[in-house]
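J.: A predicted structure for the sequence below; I have some questions about it.
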Amino acid sequence: MIKFFRKIRQKLLTENKFSKYLIYAFGEIVLVVIGILIALQINNWNQSKQEKTSLSEYLTSIAQNIKVDIENLAYIKTTRENTVARVPRMTFTLLYSDFLDRKDVKFGSEVLSTISNFEYFNAN
């Protein structure tokens, strides 16, 4: 293809047709510019396609993390409800002064250990 254009250019210069050579040169410049614009458009199209793909992957990952977080929260909720249910009911029904007068160390130890074993939520 390059040899073809070279032959046309040499032919126009040898025949002293300078105006035709300028038109030819201008046409060749236009073709190069059009080729560059097409290449840029293809590059932009590929970049936007890659960005859409990565955005889709990010959104999928976020959705999965939220699903796991909801499952963890449900587990922690049931665990805490079960823990509170295991605390002896007497702590809620006793009067404050009766609770302080109580000498049962095991009772207090069970209540404190049960309450201190709560799991905490860590988001993804």
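T.: That came in fine, so what should we check first?

J.: make it CA atoms for all contacts and neighbour counts henceforth
T.: Fine.

J.: where does the chain have its least confident helix or strand?
T.: For the chain, the helix or strand with the lowest mean confidence is helix 90-93, at a mean of 49 (criterion: mean pLDDT, DSSP states H and E).

J.: Could you measure from residue 60 over to residue 68?
T.: 12 Å (Cα to Cα, to the nearest Å).

J.: How about residue 54?
T.: The value you get for residue 54 to residue 68, if Cα to Cα is used, is 21 Å.

J.: where does residue 120 land in three-state SS?
T.: coil (DSSP: H, G, I helix; E, B strand; the rest coil).

J.: So what's the predicted local confidence for it?
T.: Note for residue 120: predicted pLDDT of 72.

J.: Over to residue 105?
T.: Residue 105 carries a pLDDT score of 54 in this model.

J.: same check, this time on the one 5 residues further on
T.: Model confidence at residue 110, given as pLDDT, is 59.

J.: Low-confidence regions, the protein specifically.
T.: 1, 5, 9, 12-13, 86-118 (pLDDT under 70).

J.: got the residue ranges for the helices in it?
T.: With DSSP state H as the criterion, the chain has helices at 2-14, 18-86, 90-93, 96-101, 105-116.

J.: Make CSV from those helices and add distance to residue 124 and mean neighbour count to it.
T.: Shown next, in CSV, are the helices of the chain (distance: least, Cα to Cα, whole Å; neighbours: other Cα atoms under 10 Å):
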stretch, distance to residue 124, mean neighbour count
helix 2-14, 59, 11
helix 18-86, 6, 13
helix 90-93, 36, 11
helix 96-101, 41, 10
helix 105-116, 24, 12
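
J.: Lovely, talk soon.
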